[in-house]
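> Need a 3D model of the sequence below.
(one chain, ligands or ions: 2)
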Amino acid sequence: MTITNGLVAGATPAAASGPEHVEEAVAYDAILLTSFGGPEGQDDVIPFLRNVTGGRGIPEERLEEVAHHYRAFGGISPINAQNRALKAALEEELAQRGIDLPVLWGNRNWAPYTREAVAEAHERGFTKLLAIGTSAYSSYSSCRQYREDYANALDATGLAGVIQIDKVRQFFDHPGFVTPFIDGVIQGLADAAAAGFTPAETHVLFSTHSIPSTDAAKSGPASRNFGPGGAYEAQHLAVAEVVMDAAETAAPWSLVYQSRSGPPSMPWLEPDISDAMRDLAAAGTKAFVIVPLGFVSDHMEVKWDLDTEAMETAEELGAFAVRVPTPGIHPAYVSGLIDLVLERVQGTPTAERPALTDLGPWYDVCRSGCCENVRLGFKPALAGLAP
Ligand SMILES: CC1=C(CCC(=O)O)c2cc3nc(cc4[nH]c(cc5[nH]c(cc1n2)c(C)c5CCC(=O)O)c(CCC(=O)O)c4C)C(CCC(=O)O)=C3C
Ligand SMILES: [Fe+2]
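Ligands and ions are numbered 1, 2, ... in the order given. Below you'll find the predicted structure:
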């Protein structure tokens, strides 16, 4: 491999300032689909959890609890099969549109690892990769940690300065991501109505992953003030509003959190979904439409924390509950991801980048200090401004 272009981004220190939206076309060689990763058998469960939580101070009891979720599924996380299906769907969409871009796939926490995908890119002679993270919102876990993973992958393979990795913008308000939720909420409300519940008796719960309050406060660029919940909370609230407007319903709604981890002494975003369900039921709610707004596919957080735990809570309360599908491989989502790739491959003016909330379109190049993790401190990251 030779460096044919001395300006390969990885070869130079990240710039301190630069455009929020990259309007020039870039000749990317491949798409790098990056995800969380998950165990594929009982023997993988503990090493996987160690990868995820190394040095994070997650209590031992929490790890045992989460190990139990995976054990109950044969030690197999659903997430890898879902990413294989997404990769195949992206390849089919690219072929149909006549776009010649290979899709490589790598994970942060389990094989195939991002560093393996990067090594494969190098073997195939690729130098410019455009990454997609399977995560729509801004926060350390859902954005910056992916960017750190890209830096780690180049470090581990000795390819820093040889391979350039950029990333498509966070897509929480892209129509491709939001449309499946709109369809799902309309269907969920129809199901509740068919079961005999009025809109006033029905509550739409938008659920997302809880994160430490300190991470939430730091989510998004430091230059914009989104309030104590940061861009993470603001983005979810804004998307939920778009979905509720489109569903044209009188049913009330709220944003709730799930999958809390960490020591009990550390504040995380609240309320927890099951606590909220109990409070709402006590106040007269009889039906819940549960919307997994924070998630792109039916991985363990959805299967366990919603389909198992939240459904048990509904049963305990004698309430009706329906869980709306995640985007998965919904055609709008798959084609939306390819549109996001084309924004960068073709070079697209900001005005032509669809965004359903006035928070977006989000940044192509993350701002300095965006989504910092104050607990873990600074680590190098790609696809953003320095530091
Ligand atoms: C915001 C967010 C998303 C959504 C965005 C995105 O999709 O990326 C997400 C997704 C996921 N989280 C996942 C799994 C886990 N997350 C954990 C721990 C944590 N998640 C956090 C945040 C998030 N996580 C945080 C702040 C922690 C604490 C430790 C830390 O500071 O990093 C732990 C450790 C045990 C525990 O404590 O729960 C596990 C096993 C899986 C795979 C599921 C499968 O296998 O199907 C997926 C998709
Ligand atoms: Fe997580």
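> Which helix in this protein has the most residues?
helix 175-194 (DSSP state H).
> quick one: Pro175 and Gly336 touch, right?
Yes. Using Cβ atoms under 8 Å as the test, Pro175 is close enough to Gly336 to be in contact (6.3 Å). All C-beta spots, glycine's among them, are computed from the backbone N, C-alpha and C.
> more neighbours, the two?
Gly336 (22 against 17; other Cβ atoms under 10 Å).
> for this structure, which strand is longest?
strand 202-209 (DSSP state E).
> next structured bit after that strand?
Next in sequence after strand 202-209, counting helices and strands by DSSP states H and E, comes helix 213-217.
> Skip the chain neighbours and tell me the closest residue to the most centrally placed residue in the chain.
By Cα atoms, centre = their mean, the chain has its centre lying nearest to Ser135, at 1.5 Å. The shortest distance from Ser135 to any non-neighbouring residue, by Cβ to Cβ, 6 or more residues apart in numbering, is to Ser142 (4.0 Å).
> can I assume that neighbour sits in a helix?
Yes. The assignment for Ser142 by DSSP: H, G, I helix; E, B strand; the rest coil puts it in a helix.
> I'd say it and Ala136 touch.
Yes. Proximity of Ser142 to Ala136 meets the contact threshold set by Cβ under 8 Å, at 7.4 Å.
> between these two, what contacts are shared?
Taking Cβ atoms under 8 Å, 6 or more residues apart in numbering as the criterion, Ser142 and Ala136 both touch Gln170.
> Quick check: mean pLDDT of stretch 208-222?
For stretch 208-222, the mean pLDDT works out to 97.
> got the buried residues for it?
Buried positions in stretch 208-222, judged by neighbour count with 16 or more other Cβ atoms under 10 Å: 208-221.
> Out of those, just show me the ones up against ligand 1, please.
Restricting these to those touching ligand 1 (Cβ under 6 Å from any ligand atom) yields His209, Ile211.
> farthest-separated two in the buried residues of stretch 208-222?
The most widely separated members of those, counting by Cβ to Cβ, are Ser210 and Pro221 (22.1 Å).
> need the residues of this protein near ligand 1, please.
By Cβ under 6 Å from any ligand atom, the residues of the chain that approach ligand 1 are 36, 38, 49, 52-53, 56, 58, 62, 66, 77-79, 134-135, 139, 141-142, 209, 211, 259, 261-262, 294, 299-301.
> So which of the residues you listed belong to helices?
Using DSSP H, these in helices are Leu49, Val52, Thr53, Arg62, Val66, Ile79, Met300.
> Any figure for the gap between Ala246 and Leu356?
9 Å (Cβ to Cβ, to the nearest Å).
> cool, and Gly229?
Gly229 is 20 Å from Leu356, by Cβ to Cβ.
> Counting neighbours, go ahead and name the busier of the two.
Between Gly229 and Leu356, Leu356 has the larger neighbour count (other Cβ under 10 Å), namely 22 against 18.
> re the thing from before, between Pro175 and Gly336, which contacts overlap?
With Cβ under 8 Å, 6+ apart, Pro175 and Gly336 have no common neighbours.
> the helices in the protein, which residues?
For the chain, applying DSSP H gives helices covering 45-53, 60-72, 79-96, 114-123, 145-157, 175-194, 213-217, 230-247, 273-282, 300, 311-317, 331-342.
> what helices or strands is the last one leaning on?
Okay, so that is helix 331-342. Applying 3 or more Cβ pairs under 8 Å, 6 or more residues apart in numbering; DSSP states H and E, we find helix 331-342 packed against helix 79-96, strand 128-133, helix 175-194.
> tell me the most buried of those?
Mean neighbour count (mean count of other Cβ atoms under 10 Å) peaks for strand 128-133 among the helices and strands packed on helix 331-342, with a mean of 23.
> Contacts for that strand next, please.
Contact with strand 128-133 is made by 8, 26-35, 104, 118, 121, 142-143, 146, 150, 163-168, 337, 340-341, 344-345, 383, as judged by Cβ under 8 Å, 6+ apart.
> and what of stretch 300-309?
38, 69-70, 72-73, 77-79, 207, 209, 258-259, 273-274, 290, 292, 295, 298, 323, 326.
> Mark which of those residues are buried, thanks.
Taking 16+ other Cβ under 10 Å as the criterion, what is buried in the contacts of stretch 300-309 is 38, 69-70, 73, 77, 79, 207, 209, 258-259, 273-274, 290, 292, 295, 298, 323, 326.
> Isn't the residue nearest to the centre of the chain up against Val296?
Yes. If you go by Cβ under 8 Å, Ser135 and Val296 touch, sitting 7.0 Å apart.
> Quick check: Ser80 vs Met311, distance?
To be clear, residue 80 is Asn; Ser isn't right here. Remark: distance between Asn80 and Met311 (Cβ to Cβ) = 24 Å.
> Gln164 too?
45 Å.
> the more surrounded of the two?
Applying other Cβ under 10 Å to Gln164 and Met311 shows that Gln164 carries more neighbours, namely 24 against 15.
> okay, the more buried one: pLDDT?
We have a pLDDT of 98 for Gln164.
> Does it touch Thr127 like I think?
Yes. At 6.3 Å, Gln164 and Thr127 qualify as touching, with contact defined as Cβ under 8 Å.
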